[in-house]
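Enquirer: Give me coordinates for this.
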Amino acid sequence: KTVLMYCTGGIRCEKASVMLKRRGVQDVYQLSGGIHEYVQQFGDGGFFKGKNFVFDQRVALSPPSSASASSTTTTQQDINKDEEDEESKKKNTIVGKCIECSTPYDTISGSILCTVCRDLILLCKSCQQSLLEYHCTRHSTWKHCYYTFLESFDIPTLQQQYVKLQTLLQKYVPPKEHKNVRKTLRKQMYKVKVRIEQLENGIVNVDVNAKRRCRTCRQSLDICDGLCWGFWRHSSSSSSSSSSSPLSLVQNITEDESSCSKKSKCNHDIDTNQVSTNTSGAATASVIIQVNVGDRIQPGPHWNEHRLGPKQQQQQQPSSSSSQAPLKQGTVVQLKTWGSGGDEYDCVSVLWDDDDKIPKKDNVTTTRAQIYRWGVLIQDGTRVYDLEHC
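Expert: Numbering: from 1, shown residues only. Model prediction:
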């Protein structure tokens, strides 16, 4: 048997060819350097059609023109380089298709992804405008009942979504073989149920004019530039350099603010209504409260059992009028990113004092930090804090 292999850059073929030879397949060939090297050498004059998806900030690369891909260069080629590149774009075949209307389309954006699994999808401009949220082919049957942002739905619509989610849940049997899928559906059913109760009790209102928002950074799509997902997160973009951007870094605190913060470190109040407005008039999230490695913390206003990490008994803050036992306390050992986009340090790793759930292995006691949200944007655009200073 003869095996011919190719991949993006040749690395996976190197590993796969060794595996095949160890299993007795001797006649194995691979494309040296992968598709990337092939299109660089032959350009649009080769057999490759479409764009080459690469796993970095370049995203997808079109084959260069045959003239620019050749090893010989001339002054005339340098002069006409831009014209050749433009002509090459016209000759490149679009092999991708919109998952909704099957129109040829091959533009990938970090803000166009499945609202369930967050996989990148191809969706043309027309379909983007017509859909409230996006679903991949695998979750296409969920598109009428699974939404990340629920603020635009009224009670009857949410009730319909709940029934459809129940129907979907019953289809995934036996439960052991669909554990993760069923868990995702149950979480969504719980979220819909809570939203219905909030609407019935008047805690929240329906926002029929709610803007469509990015599944990753949770900002409205007229603000998000699509550079908040995966390998786009550390790219240099307008949103990562703007102080009012949804992907901005944790803002530096001035010397006066820093000294004030040190004096009143134990009195940080969470104000989710503190929002700023950018130049376009769109509301952006409040600034993340400053936290540093070594800070002492305790369960905060949004402490709950649904956070990332092992489930523990839900604890409430002691009120001034009651004599409750003091809350557990710990120390911040690392600042991390939760996944809200950009380089925001919106997550902390904490070592708790006197933690009785420290794992033991080979009779050796070990410590393990646990991860919590620190200023993460949630569905309604506000920031939540699992912990607070103490």
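
Enquirer: Please report how far residue 13 lies from residue 29.
Expert: Here residue 13 is placed at a distance of 9 Å from residue 29 (C-beta to C-beta, to the nearest Å). Backbone N, C-alpha and C define where each C-beta goes, glycine included.

Enquirer: Just want to know which of these two has more residues nearby.
Expert: Comparing residue 13 with residue 29 by other C-beta atoms under 10 Å, the one with more neighbours is residue 13, at 21 against 12.

Enquirer: got a list of what that one touches?
Expert: Shown in contact with residue 13 (C-beta atoms under 8 Å, 6 or more residues apart in numbering): 5-7, 30-31, 34.

Enquirer: what about the stretch 201-350 of the chain, any weak spots by pLDDT?
Expert: Scanning the stretch 201-350 of the chain for pLDDT under 70 picks out 231-285, 304-326, 338-343.

Enquirer: go with 80
Expert: Low-confidence regions of the stretch 201-350 of the chain, defined here as pLDDT under 80, cover residues 217, 223, 225-286, 301-327, 337-345.

Enquirer: number of nearby residues for residue 223?
Expert: Residues near residue 223, counting by other C-beta under 10 Å: 21.

Enquirer: rewinding a little: between residue 13 and residue 29, which contacts overlap?
Expert: residue 5.

Enquirer: Can you tell me the SS state at residue 161?
Expert: Recorded secondary structure, residue 161: helix (DSSP: H, G, I helix; E, B strand; the rest coil).

Enquirer: which stretches of the stretch 51-200 of the chain have low pLDDT?
Expert: Applying pLDDT under 80 to the stretch 51-200 of the chain flags the ranges 55-58, 65-92.

Enquirer: ok, so what distance separates residue 139 from residue 113?
Expert: 11 Å.

Enquirer: Which one of these two is surrounded by more residues?
Expert: residue 113 (24 against 19).

Enquirer: so what's the more buried one up against?
Expert: Residue 113 touches 119-121, 134, 136, 215-216, 229, counting by C-beta under 8 Å, 6+ apart.

Enquirer: Residue 331 should be in a strand, yeah?
Expert: Yes: assessed by three-state DSSP, residue 331 belongs to a strand.

Enquirer: what's the helix or strand for the residue nearest to it when sequence neighbours are not counted?
Expert: Distances taken as C-beta to C-beta, 6 or more residues apart in numbering put residue 351 closest to residue 331, at 5.4 Å, once the chain neighbours are dropped. For residue 351, the element it lies in under DSSP states H and E is strand 347-352.

Enquirer: ok, residues contacting that strand?
Expert: Outside strand 347-352, the residues that reach it (C-beta under 8 Å, 6+ apart) are 291, 297, 328-338, 367, 369-374, 376, 387.

Enquirer: Give me the buried positions along that strand.
Expert: By neighbour count on 16 or more other C-beta atoms under 10 Å, the buried set for strand 347-352 is 347-350, 352.

Enquirer: Also stretch 147-155?
Expert: Within stretch 147-155, the residues that count as buried by 16+ other C-beta under 10 Å are 147, 149-151, 153.

Enquirer: which among the contacts of residue 113 end up buried?
Expert: Buried among the contacts of residue 113 by 16+ other C-beta under 10 Å: 120-121, 134, 136, 215-216, 229.

Enquirer: now the helices for this structure?
Expert: Along the chain, counting by DSSP state H, helices occupy 11-22, 34-42, 66-69, 75-79, 81-91, 125-130, 155-171, 179-200, 238-241, 255-263.

Enquirer: And the nearest residue to residue 296 once chain neighbours are set aside, how close does it get to residue 202?
Expert: Counting by C-beta to C-beta, 6+ apart, residue 296 lies nearest to residue 390, which is 5.3 Å off, once chain neighbours are set aside. Taking C-beta to C-beta as the measure, residue 390 falls 33 Å from residue 202.

Enquirer: Neighbour count for these two, which is higher?
Expert: In this view residue 390 and residue 202 are compared by other C-beta under 10 Å, and residue 390 has more residues nearby, 17 against 7.

Enquirer: Contacts only, for that one.
Expert: Listed by C-beta under 8 Å, 6+ apart, the contact set of residue 390 reads 266, 296-298, 327, 329.

Enquirer: ok, which pair from those residues is furthest apart?
Expert: Distance extremes for these: the farthest pair is 266 and 327 at 13.1 Å, using C-beta to C-beta.

Enquirer: Can you give me the neighbour number for the spatially closest residue to residue 144 that is not a sequence neighbour?
Expert: Spatially, and ignoring its direct neighbours in sequence, residue 144 is nearest to residue 164 (6.3 Å; C-beta to C-beta, 6+ apart). Applying other C-beta under 10 Å, we find 17 residues neighbouring residue 164.

Enquirer: Also residue 300?
Expert: Residues near residue 300, counting by other C-beta under 10 Å, number 21.

Enquirer: how much space between the residue lying closest to it once chain neighbours are set aside and residue 5?
Expert: Distances taken as C-beta to C-beta, 6+ apart place residue 388 nearest to residue 300, at 3.6 Å, with adjacent residues excluded. Distance from residue 388 to residue 5, counting by C-beta to C-beta: 54 Å.

Enquirer: Between the two, point out the one with more neighbours.
Expert: Between residue 388 and residue 5, counted using other C-beta under 10 Å, the more crowded position is residue 388 (22 against 16).

Enquirer: Pretty sure the more buried one sits against residue 302.
Expert: No: contact criterion C-beta atoms under 8 Å: residue 388 and residue 302 do not qualify, at 9.3 Å.

Enquirer: quick revisit: which strand residues bridge the residue nearest to residue 300?
Expert: Following DSSP bridges, residue 388 is listed with bridge partners residue 298.

Enquirer: Can I get stretch 113-122 in CSV, CA atoms only?
Expert: Extracted C-alpha coordinates of stretch 113-122, given in CSV (Å, rounded to 0.1, in the frame of the first residue of the first chain):
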residue,chain,number,x,y,z
LEU,A,113,-18.5,31.5,15.8
CYS,A,114,-21.0,29.0,17.2
THR,A,115,-22.8,30.3,20.3
VAL,A,116,-22.7,26.7,21.7
CYS,A,117,-19.2,25.4,21.1
ARG,A,118,-17.4,28.6,20.0
ASP,A,119,-16.0,27.0,16.9
LEU,A,120,-15.2,29.3,14.0
ILE,A,121,-17.8,29.2,11.2
LEU,A,122,-18.2,30.6,7.7
